[in-house]
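1. predicted model and sequence below, questions to follow.
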Number of protein chains: 2
Amino acid sequence: MPLTLEDIARMSGVSRSTVSRVINNDPNVNETTRLKVWEIIHTINFQPNLAARSLAAGRTQVLGLVIPMAVTSIFADPYFPLLIQGISSACNSSGYSMMLWLAEPDYERRMAGQILYSGLIDGVIVASNVMDDPVVEALVNGKKLPFIMVGRHPNDSSVSYVDVDNRMGAAQAVEHLIRLGKKRIATIRGPQTMVAGVDRFQGYLDAMAQAKMKVDPHLVEEGEFSQQGGFQAMQKLLPNQPDAVFAASDMIAVGAMMAIQEGGWKIPEDIALVGFDGIPSSAHTDPPLTTVRQPITRSGAIAAQLLIDMIENPSPTPRRMILSTELIIRKSCGANP
Amino acid sequence: MPLTLEDIARMSGVSRSTVSRVINNDPNVNETTRLKVWEIIHTINFQPNLAARSLAAGRTQVLGLVIPMAVTSIFADPYFPLLIQGISSACNSSGYSMMLWLAEPDYERRMAGQILYSGLIDGVIVASNVMDDPVVEALVNGKKLPFIMVGRHPNDSSVSYVDVDNRMGAAQAVEHLIRLGKKRIATIRGPQTMVAGVDRFQGYLDAMAQAKMKVDPHLVEEGEFSQQGGFQAMQKLLPNQPDAVFAASDMIAVGAMMAIQEGGWKIPEDIALVGFDGIPSSAHTDPPLTTVRQPITRSGAIAAQLLIDMIENPSPTPRRMILSTELIIRKSCGANP
DNA sequence: GTGAAAGCGCTAACAG
DNA sequence: CTGTTAGCGCTTTCAC
């Protein structure tokens, strides 16, 4: 059987409480005692039972990461691995662990309850850009577990989140195309059921309005945030002869690139192309993709840090953070950097 | 505050014990009572506290999935999402939940202890093909937590696992190339630090030996299980003029395909190509990839089922399962299906 | 078929 | 600074 605090206490000649204090870095412990107890804990490789800790203290030092999407689509985009990496490393450096919950749609509701009341996690990070997500709703209504979203909540102002400035980033990309003299600027927007999809499209509209260019509905297509989504949308766009395309994600842009080249057009000569995300592979497409870089890994790290802060220093005001993006100019837009 | 058993008991006019019995499907409960209590549990959407259950009963109905690799590389290959999907759905249909632990190398040791003694999970599935994995070692030595590997353990015969017949599958692929009259059959083998890498390479050797063809060391290259790994290995292979290549994974094959075509050769006319895995996208490469399909999702589901069985019906004999593969003939090998 | 009572391993007052 | 004590919410004998 695994050892318990009691065992360690007996072995080091102190009481259970003292051992507990040592483990939890309570300042009220004699330095000599502390060292002696640590010594034993280490040689024995003692691990306190998390369930017992959870029950007694109401905290586990474990954060939940919920990604409410089908497993397969989660990993079609390099976005999530980068996000997870950021969260994971922030957790590690704060002494927290991360549990990942992948929520297949059918199980969302059941899971929601389980997460809220399982007592196994101190807080939740929800990485979802879907509007009206039931998991988020449950968290909002439950009001029991600290949670933070990656990607802003569309309308509830009491929700904490970290997001990137999708709207501004998109607008800058489109302004860049306008500055290059493009006249028929199309966009492949993401699903309008996702906040990021909406925000980036809004950025496109902003830039067009700002330049007093009117938006031709034939130059607006929609696609999933995937290569295939971009490919299909671009095929529909091609007959309408855009001279530039703003794609709502790099994966969309990659798909669009394939459709453009397959149709016999050249990038950027015939059609300029700009993506969004700045995933590593965007630098290695042919031609290299001009894109709006968002700090994905950092978003994850900040989400974790904010959540930990919310857990350790509760306060009624929501934490908010909006990270800015950066336009990376490469070959696909036709500008010479 | 979340409700407790006590609350449900009060609301339904029975004792805490009875509510517990109802939740745990204890047969010794009056049918009327059972219905009444379920009714309340459902309308209230009561969720028992998992930590308390864990502490009291020593089981949580939660399975841990440990993937001891860097986060980013885990998702470079569609293998893991499919595996996770299988595990996840098997858990769900047995009333278990799944927690995913991504083990960054540096944290493996710390994590290992945490997993073993956290008391939060009833068993562990380890998806790792790395030899001598410290997490696996800890699990083997600890002998406390039921666990199963996806991919056989290289030498410990007491370990339970589910694996696919990598060696046989690889041999069949190579035999197929031999049957097509190929004379200079190269292989891009996976890392020999991974069991699957070793087994598939052994299958290549088996088939060559069987056909009494000698293995030219210049026709054996090694690469990571990734597109880039395949690309680089193929570039080294090209000067040695293979007329066929057996790639140890589909991602490797995709990379090899790029290298071959970039070098100006045609597939399958100049070089025939066969992959391994049967990931969905292998059907959509150009040309479509002949490959050895392994039942990834099913491996995951079976691993979960076996583990649950081990938990619920303990026994000293290890559970073993080897799934067979299937050669999918498409265009890239030059045979006409 | 059901309730009472003990206890899982830990933390957190409360004394000293 | 340290030990004692009382639970956290649940399962599980053991009586009835």
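-> Structure received.

2. my read: residue A:227 touches residue A:254, true?
-> Yes. Using Cβ atoms under 8 Å, residue A:227 is in contact with residue A:254, at 5.1 Å. The C-beta positions use only the backbone N, C-alpha and C, and glycine is treated the same way.

3. domains in chain A, by residue range?
-> A:5-48, A:62-164+A:296-323, A:166-293+A:327-333 (automatic domain parsing).

4. dump those into JSON lines; add mean pLDDT and distance to residue B:298 as well.
-> Shown next, in JSON lines, are the domains of chain A (pLDDT from 0 to 100; distance: least, Cβ to Cβ, whole Å):
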{"stretch": "domain A:5-48", "mean pLDDT": "91", "distance to residue B:298": "34"}
{"stretch": "domain A:62-164+A:296-323", "mean pLDDT": "85", "distance to residue B:298": "15"}
{"stretch": "domain A:166-293+A:327-333", "mean pLDDT": "96", "distance to residue B:298": "25"}
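
5. so for residue B:123, which of those domains sits nearest?
-> Nearest to residue B:123 among the domains of chain A is domain A:62-164+A:296-323; the distance by Cβ to Cβ comes to 15.6 Å.

6. in JSON lines: the domains of chain A, plus mean neighbour count and distance to residue B:328.
-> Converted to JSON lines, those look like this (neighbours: other Cβ atoms under 10 Å in any protein chain shown; distance: least, Cβ to Cβ, whole Å):
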{"stretch": "domain A:5-48", "mean neighbour count": "15", "distance to residue B:328": "46"}
{"stretch": "domain A:62-164+A:296-323", "mean neighbour count": "20", "distance to residue B:328": "20"}
{"stretch": "domain A:166-293+A:327-333", "mean neighbour count": "21", "distance to residue B:328": "21"}
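
7. closest one to residue B:151 among those?
-> Across these, closest to residue B:151 is domain A:62-164+A:296-323 (Cβ to Cβ), at 19.4 Å.

8. wondering if the closest one reaches DNA strand C at all.
-> No. Between domain A:62-164+A:296-323 and DNA strand C, judged by Cβ under 7 Å from any atom of the strand, nothing touches; the nearest distance is 11.1 Å.

9. from start to finish, how long is that domain in a straight line?
-> In domain A:62-164+A:296-323, first residue to last residue: 25 Å (Cα to Cα, to the nearest Å).

10. related to what we said a few turns ago, dump the domains of chain A into JSON lines; add distance to residue B:60 as well.
-> Shown next, in JSON lines, are the domains of chain A (distance: least, Cβ to Cβ, whole Å):
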{"stretch": "domain A:5-48", "distance to residue B:60": "16"}
{"stretch": "domain A:62-164+A:296-323", "distance to residue B:60": "8"}
{"stretch": "domain A:166-293+A:327-333", "distance to residue B:60": "34"}
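
11. who touches stretch A:312-322?
-> With contact meaning Cβ atoms under 8 Å, 6 or more residues apart in numbering or on different chains, stretch A:312-322 is reached by A:146, A:148, A:152, A:157-165, A:302, A:306, A:309-310.

12. mind doing that once more with 10 Å?
-> For stretch A:312-322, contacts defined as Cβ atoms under 10 Å, 6 or more residues apart in numbering or on different chains pick out A:59, A:94, A:122-123, A:146, A:148, A:152-153, A:156-166, A:168, A:299, A:302-303, A:305-307, A:309-310.

13. now do stretch A:22-31
-> Outside stretch A:22-31, the residues that touch it by Cβ under 10 Å, 6+ apart are A:5, A:8, A:12, A:14, A:17-21, A:33-38, A:40-41, A:46-48, A:53, A:57, A:95.

14. each with direction, which strands does the helix or strand containing residue A:321 pair with?
-> Per DSSP states H and E: residue A:321 is located in strand A:320-323. The strands beside strand A:320-323 in its sheet (DSSP bridges) come out as strand A:160-164 (parallel).

15. what segments of the stretch 101-250 of chain A are helices?
-> A:108-117, A:134-142, A:166-179, A:195-210, A:227-237, A:250-262 (DSSP state H, counting those that start in this stretch).

16. is the second one up against chain B anywhere?
-> Yes. Counting by Cβ under 10 Å from any Cβ of the partner chain, chain B has neighbours in helix A:134-142: A:138, A:142.

17. can you name every helix or strand that that helix contacts?
-> Other elements packing on helix A:134-142 under the criterion 3 or more Cβ pairs under 10 Å, 6 or more residues apart in numbering or on different chains; DSSP states H and E are strand A:62-67, helix A:108-117, strand A:123-127, strand A:147-150.

18. and if we set it to 6 Å?
-> In terms of contacts (3 or more Cβ pairs under 6 Å, 6 or more residues apart in numbering or on different chains; DSSP states H and E), helix A:134-142 is packed against helix A:108-117.

19. ok, the fifth one next?
-> Counting contacts by 3+ Cβ pairs under 6 Å, 6+ apart, the secondary-structure elements packed against helix A:227-237 are strand A:185-189, strand A:220-222, helix A:250-262.
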